[in-house]
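K.L.:
just to be clear, the model below is a prediction. Sequence and coordinates:
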Amino acid sequence: MDEKPSFETDMDAETGETVEVSPLIRRVVAGNAGPMTFKGTCTYLVGRGEVAVIDPGPNDPDHVAAILRALDGERVSHILVTHTHIDHSPAAAALKSATGARIVGCGPHRPSRPLAEGEINRLEGSGDRSYAPDAVMSEGDAVTGAGWTLAAVATPGHTANHLAFALREENALFSGDHVMAWSTSFVGPPDGNMASYMASLEKVRDLGHAVFWPGHGGPVRDPQRFTRALISHRRFREAMILERVREGDRGIEAIVERVYPGLAPGLRRAAALNVFAHLEDLVARDAVRTDGPLALDAVFLPA
């Protein structure tokens, strides 16, 4: 949806094919390609013999079958979930049933903001409320297996419950949908929160990992530089939105027209929610005010 610096995507494998991407990591891509998911959700298999599965993906029997084929003869000890969007967590239950592994990682789905009456139908839609972890991980909590350690890194923003997972043995970070090489992350209420997202970007920028393995697309090979570019891009987008309010655009649709010219119709809702997330943050910082309750149809005014 947004233009920004890009890196090699490294995504030539067919859907369902198992690709070894590092000594400890294999990747299987789900068949859910689309404008918000790129070539599909990346499911990662960490370790050999005793394996952790990160982000089992959508409720797709073919994808679950592909994961199980890749793991033939191995034992799954943990199923880790970065966040509860329907392209990442629903297959956890089927994988647990097939392997007996524990589901750990993020907590149950929850909005990052209270919802006004009637707003739920306009804002919600991508949350997996069936997700039921056996244990919720917090910052610094770790699970281990033969030759691997995965530690939780709290990265709220894309969703309120978003976690990344650090693989200590390879100085790598499974960044979920927080940082991706192919696109900027979607941050839209009620799941997402722009202030939290920006703080989480600054956090992972400073952790010193050598590579990020995202939930969609190929690896981010220079994550510090890339994350700095993402932060700059978001600040530039914020400045554009603030300027539109100061120039007299009072509603989100009018701002989207000016900030995202020529946007494909299928991405307009996502763009509107992204703008809403920026406006929420600007209101909280007293840079913008509303004429009435803060909502998608609010009138936005200069502070």
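P.N.:
Good, I have the coordinates.
K.L.:
tally of neighbours for Glu170?
P.N.:
For Glu170, the neighbour count with other C-beta atoms under 10 Å is 17. (C-beta placed from N, C-alpha, C; glycine too.)
K.L.:
quick check: phi and psi at it.
P.N.:
phi -120, psi 10 (degrees, to the nearest 10).
K.L.:
so what's it up against?
P.N.:
Ser22, Pro23, Leu24, Ile25, Ala210, Val211 (C-beta atoms under 8 Å, 6 or more residues apart in numbering).
K.L.:
quick check, nearest of those residues to Ser175?
P.N.:
Checking the contacts of Glu170 against Ser175 with C-beta to C-beta, the nearest one is Val211 at 9.6 Å.
K.L.:
which one (most neighbours) among the contacts of Glu170?
P.N.:
Ile25 (21 neighbours).
K.L.:
got a list of what that one touches?
P.N.:
Neighbouring residues of Ile25 by C-beta under 8 Å, 6+ apart: Tyr44, Leu45, Val46, Leu167, Glu170, Ala172, Trp213.
K.L.:
show me the strands in the stretch 101-250 of the chain, by range?
P.N.:
102-105, 135-136, 142-145, 148-154, 163-167, 172-176, 211-214 (DSSP state E, counting those that start in this stretch).
K.L.:
re earlier: nearest to Tyr131, of the contacts of Ile25?
P.N.:
Using C-beta to C-beta, the contacts of Ile25 come closest to Tyr131 at Tyr44, 18.0 Å.
K.L.:
for the closest one, helix, strand, or coil?
P.N.:
Secondary structure, DSSP: H, G, I helix; E, B strand; the rest coil: Tyr44 is strand.
K.L.:
that one contacts Val53, correct?
P.N.:
Yes - using C-beta atoms under 8 Å, Tyr44 makes contact with Val53 at a distance of 7.2 Å.
K.L.:
which one of the two has more residues nearby?
P.N.:
Shown here are Tyr44 and Val53; by other C-beta under 10 Å, Val53 has more neighbours (29 against 26).
K.L.:
partner strands of the strand or helix carrying the more buried one and their direction?
P.N.:
Using DSSP states H and E, Val53 sits within strand 50-54. Strands that pair with strand 50-54, judged by DSSP bridges, come out as strand 42-46 (antiparallel), strand 75-81 (parallel).
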